[in-house]
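K.L.:
Got a sequence here, can you model it:
(2 chains)
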2 protein chains.
Amino acid sequence: MSTEILIKKVTKTNFDSFINLLEKMALFEDQSPPDSAAKKRLKEDALSKNPKYEAFIANLGSQDIGFMIIYPTYSSFLALPSLFLEDIFVLKEFRKQRIGQKMFDYCVKLAKDRDCGRMEWWTLNWNMPAINFYKKNNATRTNNIFYQLSKKQIDEHVSNS
Amino acid sequence: MSTEILIKKVTKTNFDSFINLLEKMALFEDQSPPDSAAKKRLKEDALSKNPKYEAFIANLGSQDIGFMIIYPTYSSFLALPSLFLEDIFVLKEFRKQRIGQKMFDYCVKLAKDRDCGRMEWWTLNWNMPAINFYKKNNATRTNNIFYQLSKKQIDEHVSNS
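P.N.:
Presented below is the predicted three-dimensional model:
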């Protein structure tokens, strides 16, 4: 079996394998995996003419063992697109082999090739392996405060305003 | 003079007024305003066939007094687009009149109309007026850690990997 890690764009051909990895990540994070309607949306949103995100799979030998999701954002200050890394995940049994590092490197290279002014992402504050990984990669840890409104909060806000 | 606040999409017609407001925000934040190359990119990126962001102006009577920049992001967990609020700014002399609130409400309504699973944004951790404003609006303040790689960091990373 080859020990070379290949990063491949998710297309129609390997989409089911990508979903399988996404389900593994949901399990790992103790979240509910995508239901059939969500899977359908994920497929349309990745493979339509105007995709909402791009996904990549890491392949080792004959196995798909990790994935990344990215999309473009924008910096008005730089007047340049940014590359946002939404997810990066490696199957538990394949960790500690620098596979995540290879995927991260690939992503930074994409940011360069696409003339992005920045690459950006966030992590959960208890995810120490991730925090250590990004520290090792000399990423700038900002003090920015990240806010969200859920669909429920959006609906409530619109009703009340 | 009308006291009604109108929110208008930035188009070719009011683009110069939008840039003027963006320059005012840069001054307010003690950042360098966009140079002529950046202004050209901002115009292309807003008004091209596949825009990289959308901008809106708040107009009071005959004056343009504030702006917002938004773009779509994506939640793989929800399998739905999110609406990201990049900038929201009101000229200093027009604050405390709920103009920012009206702009924020408009943005939340857009998130609803576009069937977004979330609305998201971040703020600088010293910006107390913003933090209080988002608290008042019942936004969820997350503990997520936000990371960045600058263009220089991207270049260095690619050279070293």
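K.L.:
just the helices in chain A please.
P.N.:
A:15-28, A:36-47, A:99-113, A:128-136, A:151-160 (DSSP state H).
K.L.:
For those, give me TSV that also has mean pLDDT, distance to chain B and mean neighbour count.
P.N.:
Yep, even glycine has a C-beta here, placed from its N, CA and C like the rest. Putting the helices of chain A into TSV (pLDDT from 0 to 100; distance: least, C-beta to the nearest C-beta, whole Å; neighbours: other C-beta atoms under 10 Å in any protein chain shown) gives the following:
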stretch	mean pLDDT	distance to chain B	mean neighbour count
helix A:15-28	96	7	17
helix A:36-47	98	4	16
helix A:99-113	98	4	19
helix A:128-136	96	5	14
helix A:151-160	97	5	15
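K.L.:
do you know which of those lies nearest residue B:161?
P.N.:
When those are compared by C-beta to C-beta, helix A:99-113 sits nearest residue B:161, at 4.4 Å.
K.L.:
Against which helices or strands is that closest one packed?
P.N.:
Counting contacts by 3 or more C-beta pairs under 8 Å, 6 or more residues apart in numbering or on different chains; DSSP states H and E, helix A:99-113 packs against strand A:5-9, strand A:54-60, strand A:63-75, strand A:80-90, strand A:118-123, helix A:128-136, helix B:151-160.
K.L.:
what about 10 Å?
P.N.:
Contact here means 3 or more C-beta pairs under 10 Å, 6 or more residues apart in numbering or on different chains; DSSP states H and E; on that basis helix A:99-113 packs against strand A:5-9, strand A:54-60, strand A:63-75, strand A:80-90, strand A:118-123, helix A:128-136, strand B:145-150, helix B:151-160.
K.L.:
Now do the last one against strand A:118-123, angle only.
P.N.:
To tie it back to what came earlier, the one meant is helix B:151-160. Between the axes of helix B:151-160 and strand A:118-123, defined by axes from the mean of the first three to the mean of the last three C-alpha atoms, to 10 degrees, the angle is 90 degrees.
K.L.:
Just give me how far helix B:151-160 sits from the chain centre.
P.N.:
Relative to its chain's centre, helix B:151-160 lies at 27 Å (C-alpha atoms, centre = their mean, to the nearest Å).
K.L.:
The fifth one now?
P.N.:
With C-alpha atoms, centre = their mean as the basis, strand A:118-123 stands 10 Å off its chain's centre.
K.L.:
Is it positioned near chain B?
P.N.:
Yes - Strand A:118-123 lies within reach of chain B by C-beta under 10 Å from any C-beta of the partner chain, at A:118, A:119, A:120, A:121, A:122, A:123.
K.L.:
Could you tell me the average pLDDT over that strand, please?
P.N.:
Mean pLDDT, computed over strand A:118-123, is 97.
K.L.:
Can you tell me the centre-most residue of chain A?
P.N.:
Among the residues of chain A, the one closest to the centroid is residue A:87, at 2.2 Å (C-alpha atoms, centre = their mean).
K.L.:
Report the beta-bridge partners for that residue.
P.N.:
residue A:69 (DSSP bridges).
K.L.:
Enumerate every residue touching the residue lying closest to residue A:99 once chain neighbours are set aside.
P.N.:
In space, and not counting its chain neighbours, residue A:99 is closest to residue A:90: 4.9 Å by C-beta to C-beta, 6 or more residues apart in numbering or on different chains. Each residue near residue A:90 by C-beta atoms under 10 Å, 6 or more residues apart in numbering or on different chains is listed here: A:21, A:24-25, A:58, A:60, A:65-68, A:96-103.
K.L.:
mind listing what residue A:70 touches?
P.N.:
A:53-56, A:83-88, A:107, A:110-111, A:114, A:119, A:121, B:74.
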